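1. Provide a 3D model corresponding to the input given below.
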Amino acid sequence: MNIYVLLKKTFDTEEKIAVSNGQIEDDGAEYIINPYDEYAVEEAIKQKDAHGGEVTVVTVGDEDSEKQLRTALAMGADKAVLINTEDDLEDGDQYTTAKILEAYFEDKEADLILAGNVAIDEASGQVGPRLAELLGIPSVTTITALEIDGNTVKIDKDVEGDVEKIETSLPVLVTCQQGLNDPRYPSLPGIMKAKKKPLEELEIDDLDLDEDDIEAKTKTEDIFLPPEKEAGRVLEGELDEQVQELVSLLKDESKVL
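-> Numbers count the residues shown, from 1 in each chain. As a prediction, this is how the structure comes out:
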């Protein structure tokens, strides 16, 4: 089985984000595998263990993304591919990424493609479904269970706290939600093996793409941090006094009444 995982590097969730002049300051920032993509890597390895085959992790990014690809290799993936856009692409969006991946998969015989449900930096959740549409294969988002029997695929899809049962067939693209599995930590032997596993680096030209083919369809007008939360207030006095004060605050200060 040919299994592929779409990977993205994102800010460490413990990092404090700073914004200056409408741009995120990333000097010295720590990056990690997008947490939802870790579920995709783990599920890919589990499916390979069950059905055989090979797991390839693919990312569209800069040369610094090699660290996250090596982490996925240390978890148990077999191969990694970095599509380096650092020198060829100034701005891109989800359309751009999907078009680049479409060109990469053009000559691949993928049985199963997994991705994270969303990336925690932009949270659009678009790349996976866009790619599936371009490749002409079915896609299912926010999955919490995946069972493959021959060519038949049975999926549990999270629908706002409930579960939808879906049956489809290979090839298929799925995006992974929390609850699908528990991603493993790279072991020391895995880290050592990852250094010798193949990591292929491609550029836009290698995919026979022109800049016009992947020009972004959206534009970011501004980036800003949400306002800091104001300190809470403790209401004192008897219950009826607290209720009266609360109503007054909601009416006069918050103006929601």
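
2. Point out where the protein drops to low pLDDT.
-> Counting by pLDDT under 70, the chain shows low-confidence ranges at 22, 26, 28, 257.

3. Please list the outside residues in contact with the lengthiest helix in it.
-> Of all segments of type helix in the chain, defined using DSSP state H, the longest is helix 35-51. Helix 35-51 is touched from outside by 1, 3-8, 10, 13, 33, 53-55, 57, 72, 75-78, 112, 114-120, 146, 148, 175-178, 180-184, with contacts defined as C-beta atoms under 8 Å, 6 or more residues apart in numbering. Heads up, the C-betas are built off the backbone N, CA and C, glycines and all.

4. Can you flag the buried ones in the residues you listed?
-> Applying 16 or more other C-beta atoms under 10 Å to those, the neighbour count classes 1, 3-8, 10, 33, 53, 55, 57, 72, 75-78, 112, 114-120, 146, 148, 175-177, 180-181, 183 as buried.

5. which ones among the contacts of helix 35-51 are found in strands?
-> Those of the contacts of helix 35-51 mapping onto strands are 3-7, 10, 33, 54-55, 57, 112, 114-116, 146, 148, 175-176, per DSSP state E.

6. Show me the helices in the protein, by range?
-> 35-51, 66-75, 94-105, 127-135, 188-194, 239-252.

7. export these to TSV and tack on distance to residue 169?
-> Putting those into TSV (distance: least, C-beta to C-beta, whole Å) gives the following:
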stretch	distance to residue 169
helix 35-51	14
helix 66-75	27
helix 94-105	18
helix 127-135	13
helix 188-194	32
helix 239-252	54
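
8. List just the one of those helices that sits closest to residue 219.
-> Minimum separation from residue 219 across the helices of the chain (C-beta to C-beta) falls at helix 94-105, 11.8 Å.
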